[in-house]
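Trainee: Need the 3D shape of this:
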Amino acid sequence: MTGGAAPMRSRLRIHFTADDLARVRIASGPDPMWESVLSMHLLQTQRGARVFAGWRRESRARLGHSAARLMALNPAVGSFPDFLTPASGTTDLEAGLDAMLSVPRRQVRAELSTLPCGPSMRTWMRTVAEADADAMTELGQLFRAYYATVISPTWSAIVAQVEADRRRTAQAFLDGGPVAVLTSVSPDSRWRPPVLEIGYPVDRDLHLDGRGILLIPSYFCWRDVVTLVDPALPPVLVHPVRSSFTASGRPARHAGDDSELSALLGFTRATVLRALETPCTTTELGQRAGTSVTSASQHAAVLRRSGLIVTSRRGGAVVHTLTGLGADLLRASGA
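Mentor: Have a look, this model is predicted:
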């Protein structure tokens, strides 16, 4: 697929038919393969320093050199292999790994043949390209280790922010149908019927030909949308979530003035409400707001009784989410 750090000089033009518009789908949650692959790009560069600096520093320290082979397969600039992120999309790591390791050998060989390769990685790349059984087993193990080290500690924040983005997209669909959804994936999106144009590192046309397209909101997708290189594969469009939180789950610097909100609710309670711009657990809420878990729980209870948030149980966790009234209050305060 094509990502990269080139300036936005060119356009991706996605050509739709009426059938394609009826087949616009949104992934049911974050895709662990895409999150892993795109996070590797951030680790190899300084992109998104304001948001990802702390996460990058901690992740590099935990990884050491253990991910060098994965990075060689997945360069941060230019095109990277489609087989690393199977087009079917999944919210389950093992299902994604099974799909990756089942890609036909000819596809793996063709995609790796275009990658630059230093002497230290040449043998490794050759064995993967030939789908050598031991090399493919090792590839799966490397992905699992990387996920456990880098992605798993951030997974709750990833899920919360992707869920918030899915709700935003659902509202866009209710307000304006599939075209509103498509133009919401990037501030640079333009609908010129029947073509969606989006800023992209290279100039490219993608004809859907009735296949529809899967939209995948991604936590680690930075600024630019990403799609697969091979136009014959099922079409996907990966796009950044719109988030006000850093990769550590802490709020990014807020550009608005919350003085009126603080006067209304009190400083800490206003901070707690602002921290819920993306849903989170009580423990995460305390971390975001810089207060204890007990204090966060007490403030959440007051906000819930006031109709500003709702609380639900997901698995073993309690998750707090803004209501429409709470979101409106934040917007009115200068969000």
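Trainee: Is the spatially most central residue of the chain bridged to anything, and to what?
Mentor: Computing the C-alpha centroid of the chain and ranking residues by C-alpha atoms, centre = their mean puts residue 218 first, at 1.4 Å. For residue 218, the beta-bridge partners are residue 240 (DSSP bridges).
Trainee: you'd agree it is up against residue 33?
Mentor: No: taking contacts as C-beta atoms under 8 Å, residue 218 lies outside contact range of residue 33: 10.5 Å. Where you see a C-beta, it was placed from the backbone N, CA and C, and this is true even at glycine.
Trainee: Buried residues, the helix or strand where residue 135 lies. List them.
Mentor: Here residue 135 sits within helix 133-146, counting by DSSP states H and E. Buried residues in helix 133-146, defined by neighbour count with 16 or more other C-beta atoms under 10 Å: 135-136, 139, 142-143, 146.
Trainee: Roughly how far does the residue of the chain most remote from its centre sit from residue 101?
Mentor: Most distant residue from the mean C-alpha position of the chain: residue 263, 35.1 Å away (C-alpha atoms, centre = their mean). Here the criterion is C-beta to C-beta, to the nearest Å. By it, residue 263 lies 57 Å from residue 101.
Trainee: again with residue 113
Mentor: Taken as C-beta to C-beta, the span from residue 113 to residue 101 is 19 Å.
Trainee: Who has more neighbours out of these two?
Mentor: Remark: of residue 113 and residue 101, residue 101 carries more neighbours, 17 against 10, as counted by other C-beta atoms under 10 Å.
Trainee: Next, the contact list for that one, please.
Mentor: With contact set as C-beta atoms under 8 Å, 6 or more residues apart in numbering, residue 101 has these partners: 136, 139-140.
Trainee: distance of it from residue 133?
Mentor: Taking C-beta to C-beta as the measure, residue 101 falls 10 Å from residue 133.
Trainee: how far does the longest helix seen in the chain sit from the chain's center?
Mentor: Ranked by residue count under DSSP state H, the longest helix found in the chain is helix 155-183. Relative to its chain's centre, helix 155-183 lies at 12 Å (C-alpha atoms, centre = their mean, to the nearest Å).
Trainee: contact partners of whichever helix or strand comes after that helix?
Mentor: Moving toward the C-terminus from helix 155-183, the next helix or strand (DSSP H and E) is strand 190-192. Outside strand 190-192, the residues that touch it by C-beta under 8 Å, 6+ apart are 179, 182-183, 196-198.
Trainee: any weak-confidence spans in the stretch 1-150 of the chain?
Mentor: Applying pLDDT under 70 to the stretch 1-150 of the chain flags the ranges 1-9.
Trainee: in it, which spans are strands?
Mentor: Under the criterion DSSP state E, counting those that start in this stretch, strands of the stretch 1-150 of the chain are mapped to 10-15, 24-26.
Trainee: any idea which of those is most buried?
Mentor: A comparison of those by mean neighbour count, using mean count of other C-beta atoms under 10 Å, puts strand 10-15 on top with a mean of 18.
Trainee: Can you list the strands that that strand pairs with?
Mentor: strand 195-200 (antiparallel), strand 204-207 (parallel).
Trainee: Show me how far the last one is from its chain's centre.
Mentor: Spelled out, that is strand 204-207. 23 Å.
Trainee: which residues touch it?
Mentor: Counting by C-beta under 8 Å, 6+ apart, 2, 10-15, 227, 231, 235 sit against strand 204-207.
Trainee: So for that strand, what gets flagged as buried?
Mentor: residue 206.
Trainee: quick one: average pLDDT of that strand?
Mentor: Averaged over strand 204-207, pLDDT sits at 97.
Trainee: could I get that strand in CSV with only the CA atoms?
Mentor: The C-alpha trace of strand 204-207 is given here as CSV (Å, rounded to 0.1, in the frame of the first residue of the first chain):
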residue,chain,number,x,y,z
ARG,A,204,-3.4,8.0,-8.6
ASP,A,205,-6.8,6.8,-9.8
LEU,A,206,-8.7,4.0,-8.2
HIS,A,207,-11.7,2.6,-10.0
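Trainee: Roughly how far does the residue farthest from the centre of the chain sit from residue 333?
Mentor: If you go by C-beta to C-beta, the gap between residue 263 and residue 333 works out to 10 Å.
Trainee: show me where pLDDT drops low in the stretch 151-300 of the chain?
Mentor: 242-258.
Trainee: ok, 50 please
Mentor: Low-confidence segments of the stretch 151-300 of the chain (pLDDT under 50): 244, 251-256.
Trainee: check contacts around residue 290.
Mentor: Going by C-beta under 8 Å, 6+ apart, residue 290 touches residue 271.
Trainee: If anything else comes up later, I'll come back, but that's it for now.
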